[in-house]
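Undergrad: Fold the following, please.
(chains A and B)
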Protein chains: 2
Amino acid sequence: MVDIRNEIPPRDIAQFLARALEFSASARALILSLLAAGFEVKRKPDRSFVTSADLRVEQRLRELIGKHFPDHGIIGEEYPPTRPEAPFQWIMDPIDGTEDFVQRMPAFGSILALHYRGEPVVGVIDHPVLDIRVSAGLGLGTHRNGERVILTDLDPAVIDGSERVMLPARANFTKHRDDGALFDAVARAHPNHRIYRTCFSHICAILGMADAAIDYGNPIWDLAASRILMEEAGGKFLGVRAWDVPGVGRVYGSIMGKPTLVDRLATHFNQ
Amino acid sequence: MVDIRNEIPPRDIAQFLARALEFSASARALILSLLAAGFEVKRKPDRSFVTSADLRVEQRLRELIGKHFPDHGIIGEEYPPTRPEAPFQWIMDPIDGTEDFVQRMPAFGSILALHYRGEPVVGVIDHPVLDIRVSAGLGLGTHRNGERVILTDLDPAVIDGSERVMLPARANFTKHRDDGALFDAVARAHPNHRIYRTCFSHICAILGMADAAIDYGNPIWDLAASRILMEEAGGKFLGVRAWDVPGVGRVYGSIMGKPTLVDRLATHFNQ
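TA: From the prediction side, this is the model:
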């Protein structure tokens, strides 16, 4: 199987990654200033939160991308897509975990990724309050605040209920269709779970703080950076579900983490 | 009903609180230095983690308390009780969330409380990595990093599934006896839940980042600071279960947070 991403010169990937880190740093500075200065909070039609901060951070990222990469497309949570036909697409969730952001819970993050013909090339997840920025470029490894991240697999013998699994909330399994029983089964089989409801759960798995993370019922911008971050760290990213929700678009179910545990968790989704 | 804590001169409470804050600051400095320098990790007979850091932090806190309050008792997770007959008892979990501490997940915390004849007088929960220290003294209010915390109750109309509830993991409901069905029922009724598995879940409720938190199946040192922190912030703390576990001692089930939601959550435990 040919990886279409091999068409991209490695030097370009390093440049895209360097720019993505600049963009992410700029987004962090803006987020921290808005946290200090205050922002407006509204509810979207689906009752989820949106703030003036989400809008302003996405605007800033779009401006920066448009300036440096005028022929690239942009997909973001808060505005319509730009240049959807372009082979390179920047995908972002300016503030993932807006409810946490509104409540000043520190686990919210800012997600930015570059995809080439649907495949991830660069990914950055930034946690401004936690001061954790994790980045990856294809073939360049995954780094946390500049330091290389290397995952080691889990010994199957320790998958005994003590393995640490980041779960989505039960709400993620019921908001689009009733998969609540799937939540119940996974929670029962892996009782040492944590639920953070933001991309920090992905980061916990990418950095090896947890053994795996499950994401469920979320659109592409919530996942856009996680596959490249996980694969470049030596872990496994597995898409297990994808379906279309009217008025929302395509949503996904994914598992990421130490390969042995990812495969074990996948069995719940194959039934 | 007479509150036995009224026997304590208010000036003494302010002094106890000031000392508790000193002790907590000293524990934080030690924890951060051990995080940087490294520490040994072992498994206890119940397979939970203990590290040389847990032991050293508890030792330091015991030394400080013994120096300033030689007639007070001390109860901690890692060493046997000191002066169990004393009316004043310092109760501590030097590192709550040791597994998170070992894995460098930032939600671990350090718990310290002073009880008088079984009732809480002073409480401090400190999160070294998050730079959040929350403290309270009877009649003195609850403060976060020195700033007053005041909770407002929840409008009952918004208890519609969007309320934010911090849950224990399912493992907490099954490790001592099989109350797994109780976890399933609460998770189903309140699907916008987060699970942090450390005292940071209490802090989220105490600071109003979440609307309520449930703690289940943990000993006194995990809860010792939370009631006074919650009550002095204007919230409600409700003990809903207590039972003895051979080899572990007494463990508790508690609900804390905005009063209307605490009462609603309590209905699950009364069935």
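
Undergrad: quick one: residue A:196 and chain B, what's the gap?
TA: Distance from residue A:196 to chain B, counting by C-beta to the nearest C-beta, to the nearest Å: 6 Å. (Each C-beta comes from the backbone N, C-alpha and C, glycine too.)

Undergrad: could you check whether stretch A:146-166 is close to chain B?
TA: Yes. Stretch A:146-166 comes into contact with chain B (C-beta under 8 Å from any C-beta of the partner chain), by way of A:161, A:162, A:164.

Undergrad: contacts for that stretch?
TA: Stretch A:146-166 is contacted by residues A:134, A:141-143, A:186, A:190-196, A:201-202, A:204-214, A:233-235, A:257-261, A:264-265, B:47, B:99, B:103, B:171 when judged by C-beta atoms under 8 Å, 6 or more residues apart in numbering or on different chains.

Undergrad: Looking at those residues, which are in strands?
TA: A:134, A:141, A:142, A:143, A:193, A:194, A:212, A:213, A:214, A:257 (DSSP state E).

Undergrad: secondary structure class for the residue in chain A sticking out farthest from the centre?
TA: Farthest-out residue of chain A from its mean C-alpha position, per C-alpha atoms, centre = their mean: residue A:157, at 29.2 Å. With DSSP: H, G, I helix; E, B strand; the rest coil as the basis, residue A:157 sits in helix.

Undergrad: From chain B, how far off is it?
TA: The value you get for residue A:157 to chain B, if C-beta to the nearest C-beta is used, is 13 Å.

Undergrad: Domain-wise, how is chain A divided?
TA: According to automatic domain parsing, chain A comprises the domains A:4-149, A:156-269.

Undergrad: Quick one: end-to-end length of the first one, please.
TA: Okay, so that is domain A:4-149. Terminal residues of domain A:4-149 are spaced 25 Å apart (C-alpha to C-alpha, to the nearest Å).

Undergrad: Report the distance from that domain to the chain centre.
TA: 9 Å (C-alpha atoms, centre = their mean, to the nearest Å).

Undergrad: next one: the shortest one
TA: How far domain A:156-269 lies from its chain's middle: 11 Å, per C-alpha atoms, centre = their mean.

Undergrad: and it, what's its mean pLDDT?
TA: Domain A:156-269 comes out with an average pLDDT of 97.

Undergrad: repeat for stretch A:66-76
TA: For stretch A:66-76, the mean confidence score works out to 98.

Undergrad: distance between the ends of that stretch?
TA: This stretch, stretch A:66-76, spans 13 Å end to end (C-alpha to C-alpha).

Undergrad: Next: stretch A:136-152.
TA: Start to finish, the residues bounding stretch A:136-152 are 17 Å apart (C-alpha to C-alpha).

Undergrad: Tell me which entries of the residues of stretch A:146-166 next to chain B lie within helices.
TA: Assignment to helices by DSSP state H places none of the residues of stretch A:146-166 next to chain B there.

Undergrad: my guess is residue A:171 meets residue B:190, correct?
TA: No. Between residue A:171 and residue B:190 there is no contact, the gap being 9.2 Å when judged by C-beta atoms under 8 Å.

Undergrad: Looking at these two, which is more packed in?
TA: More neighbours surround residue B:190 than the other of residue A:171 and residue B:190, with 26 against 20 (other C-beta atoms under 10 Å in any protein chain shown).

Undergrad: Mind listing what's buried along the top helix by length along chain A?
TA: The longest helix of chain A (DSSP H) is helix A:10-37. Within helix A:10-37, the residues scored as buried using 16 or more other C-beta atoms under 10 Å in any protein chain shown are A:13, A:16-17, A:19-21, A:23-24, A:27-28, A:30-31, A:34.

Undergrad: Cool, thanks, talk later.
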